[in-house]
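*Asks:* Below are the sequence and a predicted model; questions follow.
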Amino acid sequence: MGIITNWIIENYIEIIASVLGLWGVWLTTKQKIWCWPIGLLNVILSLYVFLVSKLYADVILQMFYIVLTIYGWYNWLHGGENKSELNVSRIKRTDMLILFIVGMITAFITGYLFKTYTDAALPYWDGTVAVWGIIGTFVQAKKFIENWIIWIISDLLCTGIYVYKGLYAFTGLYFCFAVLAVYGYYSWKKDLSKTVVTV
């Protein structure tokens with residue numbers, strides 16, 4: 001068998017996770033509720049890939065994703081007024097500032113812990129992506145449009161990390177995620193609610 005065929009066989013879980021990830025994000029840009037169950041399958045497979053690659057912060061991130069994905073699924077369906085479907089809204093600037101400060105501090109602490117107590121490949125970068133992935137998913141579960149800004153930055157960081165680790169399917173996947181995040185921002189902006197909702 002050829003090199004490409006062997007690579008596909010050896011990395012089929014990564015490839016399936018990548019396809020599910022793209023599909024899930026595309027559905028999210030369209031505000032389709034199926035983005036959550038598809039995303040849940042992506043998270044489970046990604047957890048395995050990251051565990052094998054010793055990207056431990058990403059492993060923990062996937063565990064948080066499982067919880068947040070279930071929460072987001074429920075909240076999109078019942079998080080609006082009188083438990084109705086949730087609409088797109090904006091987060092208050094002060095709340096976003098708080099999230100930024102907490103996120104940066106937590107990312108540093110996470111990176112330090114992984115550097116000190118594990119053999120993580122890229123502890124500080126990995127920690128940063130993990131923390132902001134959690135924050136981004138939470139903001140997305142609340143259907144705040146700012147989640148797309150978080151994802152653009154986070155996905156570009158992931159692209160660099162996965163190039164370094166040789167996870168080429170994930171490299172392409174996260175670059176596509178970044179492009180889709182730009183699309184998602186402008187797509188959601190069209191349906192943006194006038195009401196500002198706090199976290």
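*Replies:* All right, it came through fine.
*Asks:* looking at the protein, which helix or strand is least sure?
*Replies:* Least confident helix or strand of the chain, by mean pLDDT, DSSP states H and E, is helix 3-10 with a mean of 56.
*Asks:* Skip ahead from that helix and say which helix or strand is next.
*Replies:* In the C-terminal direction, the helix or strand that comes right after helix 3-10 (DSSP states H and E) is helix 12-29.
*Asks:* Give me the helices and strands touching that next one, please.
*Replies:* Under the contact criterion of 3 or more Cβ pairs under 8 Å, 6 or more residues apart in numbering; DSSP states H and E, the helices and strands touching helix 12-29 comprise helix 35-52, helix 168-190. The C-beta positions use only the backbone N, C-alpha and C, and glycine is treated the same way.
*Asks:* For that helix, list every residue counted as buried.
*Replies:* The neighbour-count check on helix 12-29 (16 or more other Cβ atoms under 10 Å) flags 14-18, 20-29 as buried.
*Asks:* try stretch 170-181
*Replies:* 170-171, 173-178, 180-181.
*Asks:* which one among the residues you listed gets closest to Y164?
*Replies:* For these, the closest approach to Y164 (Cβ to Cβ) belongs to T171, at 9.2 Å.
*Asks:* how far away is the closest one from N87?
*Replies:* 35 Å (Cβ to Cβ, to the nearest Å).
*Asks:* which SS class is L157?
*Replies:* Applying DSSP: H, G, I helix; E, B strand; the rest coil to L157 yields a three-state assignment of helix.
*Asks:* show me the contacts for it.
*Replies:* Residues counted as contacts of L157 (Cβ atoms under 8 Å, 6 or more residues apart in numbering) are 125, 128-129.
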